[in-house]
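Q: pasting the sequence and the predicted model now:
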Amino acid sequence: MQTSKPIELNGHPIAGGKFPLICTPLVGRTQDKLMAELAVVLPKKPDVLEWRVDFFEPIGDAAAVIKAAAAIKKEAGDIPILFTRRSTIEGGEKIALNEDQVIALYRAVCESKTIDLIDYEMANDPANIVRVRDTAKANGIKLVLSFHNFSYTPGLETLAAKFLMADQLGADVAKVAVMPRDLDDVLTLLTATREASKKLRIPLISMSMGSLGAMTRLFGWTFGSALSFAVGAASSAPGQVPIEDLNTALAILQKSIGGK
């Protein structure tokens, strides 16, 4: 049933090759709130933590960001940290940083070695993508190149092109997330995922968002998506389900189809 490569760190699959991985977001606006979130999330044993730094109020202070990242890393132990600034164009919070400042922050955090993976959107200027990619590679950080559309689901050819673009741009992981308007859109996302999982050289993550797309978070892995986002303490995107519910659904599906 598995058709996509697992996501790796340091040459080894995360969580021993578990498929799919479960990632929970951290959206605290201060370090204290992040630590409170962690206290709720960690007992639920996610495989990956995503820190959505665009929610973080002191985002303009690189030292404060690195301090918070280090605190998260210390508490998380062996759980990998995905560092994400989601742009407003693709559903993120408004921040008082221009793109050069964002890239400088990314560089500082990568050099601090307090994170394991970093997310950057393919909609950004190609030269900036190269800068982020080179910084990540130089510091042993895995790069997730992502595409989000919170308005609708593009056609199959467009989605296929987004997955392929991430691979061609040197990503370690490709991510595509789109909003469905009907079940046909959900099927389009799943079809694109299935086809990309057979063609890409790298692991991929995909999801259809909102209430209609919630099902893809439960069984998208059967089409090749290597990771699913679930709520540990607070949601970062529409359609995320509680980690407890996702674990239950995965256990039932994997038992039924003979998965691990």
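A: Noted; the coordinates are in hand.

Q: quick one: contacts of the lengthiest helix in the chain?
A: If you go by DSSP state H, the chain has its longest helix at helix 183-199. Residues from elsewhere that reach helix 183-199, judged by C-beta atoms under 8 Å, 6 or more residues apart in numbering: 3-4, 152-153, 155-156, 159-160, 163-164, 174, 176, 178-180, 204, 206-208, 212-213, 215-216, 220, 223-225. Yep, even glycine has a C-beta here, placed from its N, CA and C like the rest.

Q: and stretch 103-110, what's buried?
A: Neighbour counts using 16 or more other C-beta atoms under 10 Å place I103, L105, Y106, R107, A108, V109, C110 of stretch 103-110 among the buried residues.

Q: nope, stretch 78-88 is what I meant
A: Those would be I79, P80, I81, L82, F83, T84, R85, R86, S87, for stretch 78-88 by 16+ other C-beta under 10 Å.

Q: what do you get for stretch 88-104?
A: Result for stretch 88-104 [16+ other C-beta under 10 Å]: buried residues E90, G91, G92, E93, I95, V102, I103.

Q: got the CA positions of stretch 70-90 in CSV?
A: The C-alpha trace of stretch 70-90 is given here as CSV (Å, rounded to 0.1, in the frame of the first residue of the first chain):
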residue,chain,number,x,y,z
ALA,A,70,16.1,25.8,21.7
ALA,A,71,13.6,25.6,24.5
ILE,A,72,11.2,23.6,22.2
LYS,A,73,14.1,21.3,21.1
LYS,A,74,15.1,20.7,24.7
GLU,A,75,11.6,19.6,25.7
ALA,A,76,10.9,17.7,22.5
GLY,A,77,14.0,15.5,22.8
ASP,A,78,14.2,13.2,19.8
ILE,A,79,11.0,14.6,18.1
PRO,A,80,12.1,16.5,15.0
ILE,A,81,11.1,20.2,14.7
LEU,A,82,9.7,21.6,11.4
PHE,A,83,10.2,25.4,11.3
THR,A,84,7.6,27.3,9.2
ARG,A,85,6.9,30.9,8.4
ARG,A,86,3.6,30.6,6.5
SER,A,87,3.1,33.7,4.3
THR,A,88,-0.2,35.6,4.4
ILE,A,89,-0.7,34.7,0.7
GLU,A,90,-0.8,31.0,1.6
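
Q: what number of residues are in the vicinity of P20?
A: 26 (other C-beta atoms under 10 Å).

Q: just how off-centre is the longest helix of the chain within its chain?
A: In terms of C-alpha atoms, centre = their mean, to the nearest Å, the centre of helix 183-199 is found 18 Å from the chain centre.

Q: how about stretch 46-62?
A: 12 Å.

Q: can you measure across it, start residue to end residue?
A: Using C-alpha to C-alpha, to the nearest Å, the end-to-end distance of stretch 46-62 comes out at 27 Å.

Q: tell me which residues are up against stretch 120-127.
A: Taking C-beta under 8 Å, 6+ apart as the rule, stretch 120-127 contacts 86-87, 89-90, 99, 106, 128-129, 132-133, 143-148, 162, 165-166, 169.

Q: can you pull out the helices in the stretch 51-200 of the chain?
A: Assigned by DSSP state H, counting those that start in this stretch, the stretch 51-200 of the chain shows helices spanning 62-76, 99-112, 126-138, 156-168, 183-199.

Q: between these, which gets nearest to E8?
A: helix 126-138 (14.2 Å; C-beta to C-beta).
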